[in-house]
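Undergrad: my questions are about this predicted structure, shown below with the sequence.
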Amino acid sequence: MMISFASSKNTVFSLWLVLLLWGNSISAQILPGAQDTQGYLPLLQGKKIGVVAHAASEIYHNGKATHLIDSLLAHHIEVQKIFAPEHGFRSKEDNGAIIKDEIDSLTQLPIVSLHGKNRKPQKKQLENIDLMLFDLQDVGVRFYTYLSTLHLVMEACAENNIPLVVLDRPNPNGHYVDGPVMEEEHKGFLGMHSIPIVHGLTLGEFAQMINGEGWLNNEQKCALTVVKNKNYTHSTAYDLPVRPSPNLPNATAINLYPSLCLFEQTPISIGRGTEKQFQIYGHPKLKGDFSFIPQPNFGAKYPKLEGETCYGENLENTPRLNQLSLKWLMDAYAAYPDQANFFSARFVVLAGTKKLEEAIQAGWSEAEIRASWAPQLDEFKRMRSQYLLYPN
(Lines give C-alpha, C1' and ligand atoms only; values in the text may rest on other atoms or scores of the structure.)
Protein backbone atom coordinates (compact mmCIF):
# COMPACT_ATOMS: atom_id res chain seq x y z
CA MET A 1 0.00 0.00 0.00
CA MET A 2 1.46 3.41 -1.03
CA ILE A 3 0.89 6.51 1.11
CA SER A 4 1.89 9.89 -0.36
CA PHE A 5 3.49 12.61 1.77
CA ALA A 6 3.53 15.16 -1.04
CA SER A 7 0.97 17.44 0.56
CA SER A 8 1.91 18.90 3.96
CA LYS A 9 -1.81 19.25 4.60
CA ASN A 10 -2.09 15.47 4.70
CA THR A 11 1.20 14.72 6.47
CA VAL A 12 -0.25 14.43 9.98
CA PHE A 13 -3.09 12.20 8.80
CA SER A 14 -0.68 10.08 6.74
CA LEU A 15 1.67 9.59 9.68
CA TRP A 16 -1.27 8.60 11.86
CA LEU A 17 -2.45 6.10 9.24
CA VAL A 18 1.03 4.56 8.92
CA LEU A 19 1.30 4.16 12.69
CA LEU A 20 -2.19 2.68 12.86
CA LEU A 21 -1.46 0.15 10.11
CA TRP A 22 1.89 -0.71 11.67
CA GLY A 23 0.27 -1.19 15.09
CA ASN A 24 -2.42 -3.42 13.63
CA SER A 25 0.16 -5.53 11.80
CA ILE A 26 2.11 -6.05 15.02
CA SER A 27 -1.06 -7.05 16.87
CA ALA A 28 -1.97 -9.49 14.10
CA GLN A 29 1.40 -11.20 14.48
CA ILE A 30 1.12 -11.98 18.19
CA LEU A 31 1.66 -15.71 18.59
CA PRO A 32 0.84 -17.46 21.88
CA GLY A 33 3.36 -19.94 23.23
CA ALA A 34 1.19 -22.85 22.09
CA GLN A 35 1.87 -21.81 18.48
CA ASP A 36 5.59 -22.48 18.90
CA THR A 37 5.30 -26.22 18.37
CA GLN A 38 8.93 -26.48 17.25
CA GLY A 39 9.94 -24.96 20.58
CA TYR A 40 8.14 -27.39 22.87
CA LEU A 41 7.38 -30.63 20.99
CA PRO A 42 10.99 -31.83 21.44
CA LEU A 43 10.51 -31.46 25.21
CA LEU A 44 7.55 -33.87 25.05
CA GLN A 45 8.91 -36.59 22.80
CA GLY A 46 9.18 -39.98 24.49
CA LYS A 47 7.45 -38.75 27.66
CA LYS A 48 4.04 -39.43 29.17
CA ILE A 49 2.24 -36.11 29.34
CA GLY A 50 -0.47 -34.58 31.48
CA VAL A 51 -2.12 -31.48 29.99
CA VAL A 52 -3.96 -28.67 31.79
CA ALA A 53 -6.24 -27.24 29.12
CA HIS A 54 -9.69 -25.87 28.26
CA ALA A 55 -11.65 -24.75 25.20
CA ALA A 56 -9.39 -21.75 24.55
CA SER A 57 -6.30 -23.98 24.32
CA GLU A 58 -6.19 -23.65 20.56
CA ILE A 59 -3.47 -23.11 17.98
CA TYR A 60 -3.85 -21.75 14.47
CA HIS A 61 -2.22 -22.78 11.22
CA ASN A 62 -3.19 -21.18 7.91
CA GLY A 63 -6.26 -19.69 9.57
CA LYS A 64 -7.50 -23.03 10.85
CA ALA A 65 -7.99 -23.64 14.57
CA THR A 66 -6.81 -26.89 16.14
CA HIS A 67 -7.19 -27.76 19.79
CA LEU A 68 -3.89 -28.32 21.58
CA ILE A 69 -4.85 -31.89 22.55
CA ASP A 70 -5.66 -32.79 18.94
CA SER A 71 -2.36 -31.27 17.81
CA LEU A 72 -0.39 -33.24 20.41
CA LEU A 73 -2.08 -36.49 19.46
CA ALA A 74 -1.46 -35.81 15.77
CA HIS A 75 2.24 -35.43 16.61
CA HIS A 76 2.13 -38.81 18.42
CA ILE A 77 2.70 -37.27 21.86
CA GLU A 78 1.68 -39.68 24.65
CA VAL A 79 -1.03 -37.67 26.38
CA GLN A 80 -2.10 -39.62 29.47
CA LYS A 81 -4.64 -37.31 31.09
CA ILE A 82 -6.31 -33.95 30.74
CA PHE A 83 -6.62 -31.73 33.83
CA ALA A 84 -9.49 -29.25 33.56
CA PRO A 85 -9.97 -25.93 35.45
CA GLU A 86 -13.16 -24.13 36.48
CA HIS A 87 -15.82 -24.35 33.73
CA GLY A 88 -14.47 -27.73 32.58
CA PHE A 89 -12.36 -28.92 29.68
CA ARG A 90 -14.91 -27.79 27.09
CA SER A 91 -15.57 -24.53 29.04
CA LYS A 92 -19.33 -25.03 29.24
CA GLU A 93 -20.00 -25.13 33.00
CA ASP A 94 -21.31 -22.27 35.14
CA ASN A 95 -18.97 -20.28 37.35
CA GLY A 96 -18.36 -22.07 40.62
CA ALA A 97 -19.90 -25.33 39.38
CA ILE A 98 -18.53 -28.51 40.97
CA ILE A 99 -17.33 -30.64 38.05
CA LYS A 100 -16.81 -34.40 38.14
CA ASP A 101 -14.00 -36.39 36.55
CA GLU A 102 -15.01 -37.93 33.24
CA ILE A 103 -13.82 -39.42 29.95
CA ASP A 104 -13.62 -36.99 27.07
CA SER A 105 -16.10 -38.14 24.44
CA LEU A 106 -13.94 -37.02 21.51
CA THR A 107 -10.47 -38.23 22.52
CA GLN A 108 -11.41 -40.92 25.08
CA LEU A 109 -8.80 -39.44 27.40
CA PRO A 110 -9.54 -39.28 31.14
CA ILE A 111 -10.31 -35.79 32.40
CA VAL A 112 -9.36 -34.94 35.97
CA SER A 113 -11.43 -32.01 37.24
CA LEU A 114 -9.51 -29.39 39.19
CA HIS A 115 -12.79 -27.77 40.17
CA GLY A 116 -14.45 -30.78 41.76
CA LYS A 117 -13.57 -32.91 44.77
CA ASN A 118 -10.02 -31.58 44.57
CA ARG A 119 -8.47 -28.44 43.09
CA LYS A 120 -4.91 -29.68 43.28
CA PRO A 121 -3.73 -32.75 41.33
CA GLN A 122 -3.29 -35.64 43.74
CA LYS A 123 -0.29 -37.96 43.82
CA LYS A 124 -2.32 -40.89 42.50
CA GLN A 125 -3.63 -38.75 39.62
CA LEU A 126 -0.05 -37.93 38.64
CA GLU A 127 1.17 -41.50 38.47
CA ASN A 128 2.82 -42.40 35.15
CA ILE A 129 3.14 -38.73 34.17
CA ASP A 130 6.65 -37.58 33.24
CA LEU A 131 5.84 -33.97 32.40
CA MET A 132 2.92 -31.55 32.77
CA LEU A 133 1.93 -29.13 30.03
CA PHE A 134 -0.12 -26.07 31.07
CA ASP A 135 -2.11 -24.04 28.54
CA LEU A 136 -4.92 -21.85 29.91
CA GLN A 137 -6.04 -18.45 28.63
CA ASP A 138 -6.09 -16.07 31.59
CA VAL A 139 -7.44 -12.49 31.83
CA GLY A 140 -5.03 -11.04 34.37
CA VAL A 141 -7.34 -10.73 37.37
CA ARG A 142 -6.65 -12.03 40.88
CA PHE A 143 -10.03 -13.70 41.40
CA TYR A 144 -10.09 -15.36 37.96
CA THR A 145 -9.38 -18.87 39.21
CA TYR A 146 -6.99 -20.07 36.49
CA LEU A 147 -4.29 -18.28 38.46
CA SER A 148 -4.99 -20.41 41.53
CA THR A 149 -5.08 -23.53 39.35
CA LEU A 150 -1.61 -22.63 38.07
CA HIS A 151 -0.33 -22.30 41.64
CA LEU A 152 -1.76 -25.65 42.74
CA VAL A 153 -0.50 -27.46 39.63
CA MET A 154 2.97 -26.02 40.25
CA GLU A 155 2.80 -27.18 43.85
CA ALA A 156 1.74 -30.70 42.87
CA CYS A 157 4.52 -30.86 40.26
CA ALA A 158 7.12 -29.68 42.79
CA GLU A 159 5.99 -32.26 45.36
CA ASN A 160 6.11 -35.10 42.81
CA ASN A 161 9.27 -34.06 40.93
CA ILE A 162 7.39 -33.50 37.66
CA PRO A 163 8.64 -30.74 35.33
CA LEU A 164 6.06 -28.18 34.20
CA VAL A 165 5.99 -26.48 30.79
CA VAL A 166 3.76 -23.40 30.63
CA LEU A 167 2.62 -22.42 27.14
CA ASP A 168 2.22 -18.71 27.72
CA ARG A 169 -0.64 -16.65 26.31
CA PRO A 170 -1.14 -12.87 26.11
CA ASN A 171 -2.93 -11.13 28.98
CA PRO A 172 -5.78 -9.00 27.53
CA ASN A 173 -5.66 -6.88 30.70
CA GLY A 174 -1.88 -6.84 30.84
CA HIS A 175 -1.61 -3.11 30.04
CA TYR A 176 -2.19 -1.94 33.62
CA VAL A 177 -1.80 -2.89 37.28
CA ASP A 178 -4.39 -1.68 39.77
CA GLY A 179 -6.59 -2.32 42.78
CA PRO A 180 -6.19 -3.16 46.46
CA VAL A 181 -3.64 -5.84 47.37
CA MET A 182 -4.98 -9.08 48.89
CA GLU A 183 -4.58 -9.21 52.67
CA GLU A 184 -3.31 -12.39 54.29
CA GLU A 185 -6.46 -13.12 56.31
CA HIS A 186 -8.69 -13.12 53.23
CA LYS A 187 -6.68 -15.47 51.01
CA GLY A 188 -8.38 -18.47 49.41
CA PHE A 189 -9.04 -20.01 46.02
CA LEU A 190 -10.32 -16.64 44.71
CA GLY A 191 -7.04 -15.01 45.71
CA MET A 192 -4.06 -17.00 46.94
CA HIS A 193 -1.41 -14.28 46.64
CA SER A 194 -0.62 -10.81 47.99
CA ILE A 195 -1.31 -9.12 44.66
CA PRO A 196 -3.72 -6.42 43.44
CA ILE A 197 -6.97 -7.19 41.63
CA VAL A 198 -5.33 -6.51 38.25
CA HIS A 199 -1.77 -7.84 38.27
CA GLY A 200 -0.57 -7.14 34.71
CA LEU A 201 1.26 -10.44 34.21
CA THR A 202 0.91 -13.34 31.83
CA LEU A 203 0.60 -16.77 33.45
CA GLY A 204 4.16 -17.52 32.34
CA GLU A 205 5.40 -14.45 34.16
CA PHE A 206 3.24 -15.24 37.16
CA ALA A 207 4.61 -18.79 37.33
CA GLN A 208 8.08 -17.26 37.58
CA MET A 209 6.86 -14.99 40.38
CA ILE A 210 5.38 -17.93 42.30
CA ASN A 211 8.73 -19.72 42.12
CA GLY A 212 10.82 -16.62 42.75
CA GLU A 213 8.85 -15.41 45.76
CA GLY A 214 8.74 -18.86 47.38
CA TRP A 215 4.94 -19.01 47.44
CA LEU A 216 4.64 -22.80 47.11
CA ASN A 217 4.37 -24.98 50.23
CA ASN A 218 7.65 -25.04 52.15
CA GLU A 219 9.05 -22.63 49.55
CA GLN A 220 9.50 -25.48 47.10
CA LYS A 221 10.48 -24.68 43.51
CA CYS A 222 8.74 -26.15 40.50
CA ALA A 223 10.97 -27.22 37.62
CA LEU A 224 9.54 -24.65 35.22
CA THR A 225 9.89 -23.92 31.51
CA VAL A 226 7.92 -21.05 29.94
CA VAL A 227 7.33 -21.10 26.19
CA LYS A 228 6.99 -17.41 25.46
CA ASN A 229 4.55 -15.47 23.31
CA LYS A 230 6.03 -13.92 20.18
CA ASN A 231 5.61 -10.25 19.19
CA TYR A 232 3.75 -9.48 22.43
CA THR A 233 4.09 -6.46 24.68
CA HIS A 234 1.97 -5.61 27.68
CA SER A 235 0.69 -2.46 25.99
CA THR A 236 -0.43 -4.24 22.81
CA ALA A 237 -4.20 -4.72 22.57
CA TYR A 238 -5.07 -8.38 22.03
CA ASP A 239 -8.54 -9.76 21.28
CA LEU A 240 -8.96 -13.37 22.31
CA PRO A 241 -10.04 -15.65 19.45
CA VAL A 242 -11.95 -17.92 21.87
CA ARG A 243 -13.83 -16.82 24.99
CA PRO A 244 -11.78 -17.93 28.03
CA SER A 245 -14.91 -18.78 30.04
CA PRO A 246 -18.65 -18.83 29.28
CA ASN A 247 -19.47 -15.34 30.54
CA LEU A 248 -16.62 -13.40 28.94
CA PRO A 249 -17.82 -13.33 25.32
CA ASN A 250 -15.78 -10.43 23.91
CA ALA A 251 -13.01 -7.88 24.47
CA THR A 252 -15.33 -5.36 26.14
CA ALA A 253 -16.54 -7.89 28.71
CA ILE A 254 -12.96 -8.96 29.44
CA ASN A 255 -11.85 -5.35 29.89
CA LEU A 256 -14.79 -4.52 32.19
CA TYR A 257 -14.55 -7.79 34.13
CA PRO A 258 -12.12 -6.60 36.87
CA SER A 259 -14.38 -3.64 37.70
CA LEU A 260 -17.81 -5.25 37.32
CA CYS A 261 -17.00 -8.56 39.01
CA LEU A 262 -17.04 -6.72 42.34
CA PHE A 263 -20.84 -6.64 41.87
CA GLU A 264 -20.94 -10.44 42.22
CA GLN A 265 -21.08 -10.15 46.02
CA THR A 266 -23.84 -7.52 45.98
CA PRO A 267 -27.52 -7.76 44.94
CA ILE A 268 -26.67 -6.28 41.52
CA SER A 269 -26.72 -8.36 38.30
CA ILE A 270 -23.86 -7.95 35.83
CA GLY A 271 -25.75 -9.55 32.97
CA ARG A 272 -25.33 -13.26 33.58
CA GLY A 273 -28.32 -14.81 31.87
CA THR A 274 -28.18 -12.30 28.98
CA GLU A 275 -25.98 -11.98 25.91
CA LYS A 276 -24.22 -8.94 27.42
CA GLN A 277 -22.44 -10.53 30.37
CA PHE A 278 -20.05 -8.12 32.13
CA GLN A 279 -21.16 -5.30 29.84
CA ILE A 280 -24.27 -4.23 31.75
CA TYR A 281 -25.45 -4.00 35.33
CA GLY A 282 -28.78 -3.49 37.03
CA HIS A 283 -31.35 -4.38 39.66
CA PRO A 284 -35.16 -4.11 39.97
CA LYS A 285 -34.73 -1.48 42.71
CA LEU A 286 -32.51 0.82 40.64
CA LYS A 287 -33.80 3.38 38.15
CA GLY A 288 -32.89 4.13 34.56
CA ASP A 289 -34.01 3.95 30.94
CA PHE A 290 -31.98 0.82 30.26
CA SER A 291 -33.35 -2.53 31.41
CA PHE A 292 -32.79 -6.26 30.95
CA ILE A 293 -34.25 -9.55 32.19
CA PRO A 294 -31.82 -12.37 33.13
CA GLN A 295 -32.89 -15.78 31.82
CA PRO A 296 -31.11 -19.16 31.94
CA ASN A 297 -28.57 -19.50 29.13
CA PHE A 298 -25.13 -20.81 28.23
CA GLY A 299 -22.94 -20.40 31.30
CA ALA A 300 -25.77 -19.31 33.62
CA LYS A 301 -28.31 -22.02 34.41
CA TYR A 302 -29.58 -20.10 37.44
CA PRO A 303 -28.73 -16.42 36.92
CA LYS A 304 -29.09 -13.88 39.67
CA LEU A 305 -32.49 -12.08 39.51
CA GLU A 306 -33.82 -14.59 36.98
CA GLY A 307 -37.01 -13.39 35.28
CA GLU A 308 -36.91 -9.95 36.96
CA THR A 309 -36.69 -6.66 35.10
CA CYS A 310 -33.42 -4.99 36.09
CA TYR A 311 -32.75 -1.29 35.58
CA GLY A 312 -29.25 0.09 35.28
CA GLU A 313 -26.59 0.90 32.69
CA ASN A 314 -25.41 -0.45 29.38
CA LEU A 315 -21.60 -0.19 29.26
CA GLU A 316 -21.04 -1.80 25.84
CA ASN A 317 -19.55 1.40 24.41
CA THR A 318 -17.17 2.10 27.28
CA PRO A 319 -13.68 3.05 25.99
CA ARG A 320 -10.92 0.60 26.88
CA LEU A 321 -10.12 0.99 30.57
CA ASN A 322 -6.55 1.56 31.73
CA GLN A 323 -7.37 1.28 35.41
CA LEU A 324 -9.84 -0.42 37.74
CA SER A 325 -13.05 1.62 37.86
CA LEU A 326 -15.09 1.95 41.06
CA LYS A 327 -17.57 4.40 39.55
CA TRP A 328 -20.34 1.92 38.76
CA LEU A 329 -20.06 0.11 42.10
CA MET A 330 -20.19 3.41 43.98
CA ASP A 331 -23.08 4.74 41.88
CA ALA A 332 -25.12 1.57 42.43
CA TYR A 333 -24.43 1.63 46.16
CA ALA A 334 -25.53 5.28 46.38
CA ALA A 335 -28.77 4.52 44.48
CA TYR A 336 -29.63 1.23 46.18
CA PRO A 337 -32.45 1.71 48.75
CA ASP A 338 -31.17 -0.90 51.23
CA GLN A 339 -27.53 0.06 51.65
CA ALA A 340 -27.14 -1.93 54.87
CA ASN A 341 -27.55 -5.10 52.83
CA PHE A 342 -25.66 -4.06 49.69
CA PHE A 343 -22.34 -5.77 50.45
CA SER A 344 -22.46 -9.48 51.22
CA ALA A 345 -20.15 -11.06 53.77
CA ARG A 346 -18.03 -12.45 50.92
CA PHE A 347 -17.43 -9.11 49.21
CA VAL A 348 -14.11 -8.99 51.05
CA VAL A 349 -13.02 -12.17 49.21
CA LEU A 350 -13.17 -10.29 45.90
CA ALA A 351 -11.86 -6.97 47.20
CA GLY A 352 -9.10 -8.64 49.21
CA THR A 353 -9.61 -6.16 52.01
CA LYS A 354 -12.44 -4.91 54.24
CA LYS A 355 -11.24 -1.36 53.69
CA LEU A 356 -12.83 -0.95 50.25
CA GLU A 357 -16.33 -1.70 51.52
CA GLU A 358 -15.79 0.52 54.58
CA ALA A 359 -14.49 3.41 52.47
CA ILE A 360 -17.53 3.31 50.16
CA GLN A 361 -19.87 3.17 53.15
CA ALA A 362 -18.06 6.14 54.69
CA GLY A 363 -18.56 8.22 51.53
CA TRP A 364 -14.95 8.41 50.37
CA SER A 365 -14.36 9.63 46.83
CA GLU A 366 -12.84 7.26 44.27
CA ALA A 367 -9.66 9.36 44.30
CA GLU A 368 -9.37 8.96 48.08
CA ILE A 369 -9.91 5.21 47.84
CA ARG A 370 -7.30 4.88 45.10
CA ALA A 371 -4.79 6.86 47.15
CA SER A 372 -5.30 4.46 50.07
CA TRP A 373 -4.06 1.44 48.12
CA ALA A 374 -1.27 3.25 46.22
CA PRO A 375 1.68 2.40 48.56
CA GLN A 376 1.06 -1.36 48.44
CA LEU A 377 0.39 -1.16 44.70
CA ASP A 378 3.75 0.54 44.12
CA GLU A 379 5.48 -2.15 46.17
CA PHE A 380 3.86 -4.87 44.06
CA LYS A 381 4.89 -3.12 40.83
CA ARG A 382 8.52 -3.15 41.97
CA MET A 383 8.30 -6.88 42.69
CA ARG A 384 6.50 -7.50 39.38
CA SER A 385 9.27 -5.87 37.38
CA GLN A 386 11.67 -8.71 38.27
CA TYR A 387 9.55 -11.32 36.48
CA LEU A 388 8.55 -9.62 33.24
CA LEU A 389 9.23 -11.61 30.07
CA TYR A 390 7.82 -8.92 27.78
CA PRO A 391 8.25 -5.13 27.56
CA ASN A 392 5.59 -2.85 28.97
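TA: Received it, and whenever you're ready, just let me know what you need. It should be emphasised that the depicted structure is a prediction, and the values quoted were computed from it without experimental measurement. Numbers count the residues shown, from 1 in each chain.
Undergrad: SS state for the most centrally placed residue in the chain?
TA: Centroid check for the chain by Cα atoms, centre = their mean gives residue 139 as the closest residue, at 2.4 Å. With DSSP: H, G, I helix; E, B strand; the rest coil as the basis, the three-state label of residue 139 is coil.
Undergrad: distance of it from residue 169?
TA: Separation of residue 139 from residue 169 (Cβ to Cβ, to the nearest Å): 10 Å. In short, each C-beta sits where N, CA and C put it, glycine included.
Undergrad: same check on residue 175?
TA: Applying Cβ to Cβ to residue 175 and residue 169 gives a distance of 15 Å.
Undergrad: what about the two, which has more around it?
TA: residue 169 (25 against 20; other Cβ atoms under 10 Å).
Undergrad: before we move on, back to that, ok, the residue nearest to the centre of the chain - contacts?
TA: 171-173, 244, 248, 254, 257 (Cβ atoms under 8 Å, 6 or more residues apart in numbering).
Undergrad: which ones among those residues map onto helices?
TA: Per DSSP state H, helices hold the following members of the contacts of residue 139: 254, 257.
Undergrad: so which two of the contacts of residue 139 are the farthest from each other?
TA: Largest separation among the contacts of residue 139 by Cβ to Cβ: 171 and 248, giving 13.3 Å.
Undergrad: give me the more crowded residue out of the two.
TA: Comparing residue 171 with residue 248 by other Cβ under 10 Å, the one with more neighbours is residue 171, at 26 against 22.
Undergrad: and the closest residue in space to the more buried one that isn't next to it in sequence, what does it touch?
TA: Spatially, and ignoring its direct neighbours in sequence, residue 171 is nearest to residue 140 (4.1 Å; Cβ to Cβ, 6 or more residues apart in numbering). For residue 140, the contacting residues are 171-174, 198-202, 258, by Cβ under 8 Å, 6+ apart.
Undergrad: now the two most distant members of those residues.
TA: 202 and 258 (15.8 Å).
Undergrad: I figured residue 259 hits residue 324, correct?
TA: Yes. Using Cβ atoms under 8 Å, residue 259 makes contact with residue 324 at a distance of 5.6 Å.
Undergrad: who's more crowded, the two?
TA: Per other Cβ under 10 Å, whichever of residue 259 and residue 324 has more neighbours is residue 259, with 26 against 22.
Undergrad: so that one belongs to a strand, correct?
TA: No. Judged by three-state DSSP, residue 259 forms no part of a strand; its state is helix.
Undergrad: any idea how far residue 332 is from it?
TA: 12 Å.
Undergrad: one more: residue 192?
TA: 28 Å.
Undergrad: find the nearest non-adjacent residue to residue 35, please.
TA: residue 59 (5.3 Å).
Undergrad: my bad, should have said residue 327
TA: residue 366 (6.5 Å).
Undergrad: which pLDDT does the model give the one you found?
TA: Looking at residue 366, its pLDDT is 98.
Undergrad: what is the neighbour count of it?
TA: 15.
Undergrad: again, but for the one 5 residues further on
TA: Around residue 371 sit 11 other residues, with neighbours defined as other Cβ under 10 Å.
Undergrad: report pLDDT for it.
TA: 98.
Undergrad: sec struct for it, please.
TA: At residue 371, secondary structure determined by three-state DSSP is helix.
Undergrad: which residues are in contact with it?
TA: So residue 371 contacts nothing (Cβ under 8 Å, 6+ apart).
Undergrad: can we see that at 10 Å?
TA: When contacts are counted by Cβ atoms under 10 Å, 6 or more residues apart in numbering, residue 371 touches 364-365.
Undergrad: where's it relative to residue 359, distance?
TA: When residue 371 is compared with residue 359 (using Cβ to Cβ), they lie 10 Å apart.
Undergrad: what touches both of the two?
TA: The contact lists of residue 371 and residue 359 share residue 365, where a contact means Cβ under 10 Å, 6+ apart.
Undergrad: what stretches of the stretch 201-350 of the chain score poorly on pLDDT?
TA: Within the stretch 201-350 of the chain, no range satisfies pLDDT under 70.
Undergrad: residue boundaries of the helices in it?
TA: 203-212, 251-260, 327-335, 347-351 (DSSP state H, counting those that start in this stretch).
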